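Trainee: sequence-free structure coming up:
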């Protein structure tokens, strides 16, 4: 099983990846943790060659779940090798709500974050979501046309539940 999950910030990628991983026992990977080397004293952005090597190591395994908002060339090998691509595309208002909810939960330390939740990060997530809404979504749909036979568009909770029931 090789699943690639893509969508905007706040679309539910990490939540879905964790649910599938829990159900199947397959390891789930966040692309943010491929891009960033996490350290207690602070994160370091990997060089492109380091990042690509980390991704290649994941892709060499027999089964994986990879999730991320990235829709650039370096993730193309994951899309190519995936058995199934899940594009999470809930309505914009839901993504906005989830971004705010996540920030509040992280501030209250009810939810773990890979980064320190700050107003700057919150603003960036809102901006990323807006950019996805105006440009990124169309780019993702264009890019996924190459993988039409293995891509599933998920917009609602029912769509997601149907996928979880099939796995």
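Mentor: Thanks, I have it. The structure presented is a predicted model; accordingly, all values stated were derived computationally and were not measured.
Trainee: May I have the predicted confidence score for the most centrally placed residue in the chain?
Mentor: Geometric centre of the chain, nearest residue: residue 68, 2.4 Å, by Cα atoms, centre = their mean. Listed pLDDT for residue 68 reads 94.
Trainee: State the distance from the residue nearest to it when sequence neighbours are not counted to residue 46.
Mentor: Among residues not flanking residue 68 along the chain, residue 31 sits closest, at 2.8 Å (Cβ to Cβ, 6 or more residues apart in numbering). Bear in mind the C-beta positions are built from the backbone N, C-alpha and C, glycine included. Taking Cβ to Cβ, to the nearest Å as the measure, residue 31 falls 11 Å from residue 46.
Trainee: So which of those two has more stuff around it?
Mentor: residue 31 (23 against 17; other Cβ atoms under 10 Å).
Trainee: For residue 137, see how far away that one is.
Mentor: Distance from residue 31 to residue 137, by Cβ to Cβ: 18 Å.
Trainee: can you tell me which residues contact residue 16?
Mentor: Residue 16 makes contacts with 5, 67, 86, 88, 154, 160, 163, as judged by Cβ atoms under 8 Å, 6 or more residues apart in numbering.
Trainee: buried stuff in the host helix or strand of it?
Mentor: Assessed by DSSP states H and E, residue 16 sits inside helix 13-24. Using 16 or more other Cβ atoms under 10 Å as the test for burial, helix 13-24 gives 13, 14, 16, 17, 19, 20, 21.
Trainee: Relative to residue 120, which of these is nearest.
Mentor: Lowest distance from residue 120 to the buried residues of helix 13-24 (Cβ to Cβ) belongs to residue 14, with 20.7 Å.
Trainee: That closest one contacts residue 30, correct?
Mentor: Yes. Between residue 14 and residue 30 there is a contact at 6.3 Å, judged by Cβ atoms under 8 Å.
Trainee: where do the contact lists of those two overlap?
Mentor: Shared contacts of residue 14 and residue 30, counting by Cβ under 8 Å, 6+ apart, come down to residue 67.
Trainee: show me where this structure has strands.
Mentor: 2-7, 28-30, 36-37, 44-45, 64-68, 84-88, 151-154 (DSSP state E).
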